[in-house]
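Enquirer: Sequence plus predicted model, see below.
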Amino acid sequence: MSPADMETFDALLAAIVRDPESPQRVPSFYDPIRPSWLRRADPFLVHYAFNAERDEVAFLNLFRRR
């Protein structure tokens, strides 16, 4: 991964942790019982879940555009 990609990736993860309920997220509709969201910063797409009771973010998947 290039240094620019690492910087983008780090910033994306930090932004999700800082504000997991950001309006920039989109619902994944993967599991209605355990809601999860997608957030993108090109070339990355992160799939994550947020537990508000525990104030905890769980990163589920990472996708990278080629």
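Expert: On my side now, so go ahead. As the structure is a prediction and not an experimental result, all values here were calculated from the model.

Enquirer: Okay, and the residue nearest to Asn61 when sequence neighbours are not counted sits in which element?
Expert: In space, and not counting its chain neighbours, Asn61 is closest to His47: 3.9 Å by Cβ to Cβ, 6 or more residues apart in numbering. Where you see a C-beta, it was placed from the backbone N, CA and C, and this is true even at glycine. Using DSSP states H and E, His47 falls within strand 44-51.

Enquirer: and the very next helix or strand once past that strand with strand 44-51, angle?
Expert: Using DSSP H and E, the helix or strand that follows strand 44-51 towards the C-terminus is strand 56-64. Angle of strand 56-64 versus strand 44-51, following axes from the mean of the first three to the mean of the last three Cα atoms, to 10 degrees, is 160 degrees.

Enquirer: if we look at stretch 43-53, which residues are touching it?
Expert: Identification of contacts with stretch 43-53 by Cβ atoms under 8 Å, 6 or more residues apart in numbering yields 5, 8-9, 12-13, 16, 20-21, 28, 30, 34-40, 56-66.

Enquirer: Can you get me a residue count around Glu56?
Expert: The tally of other residues near Glu56 (other Cβ atoms under 10 Å) stands at 10.
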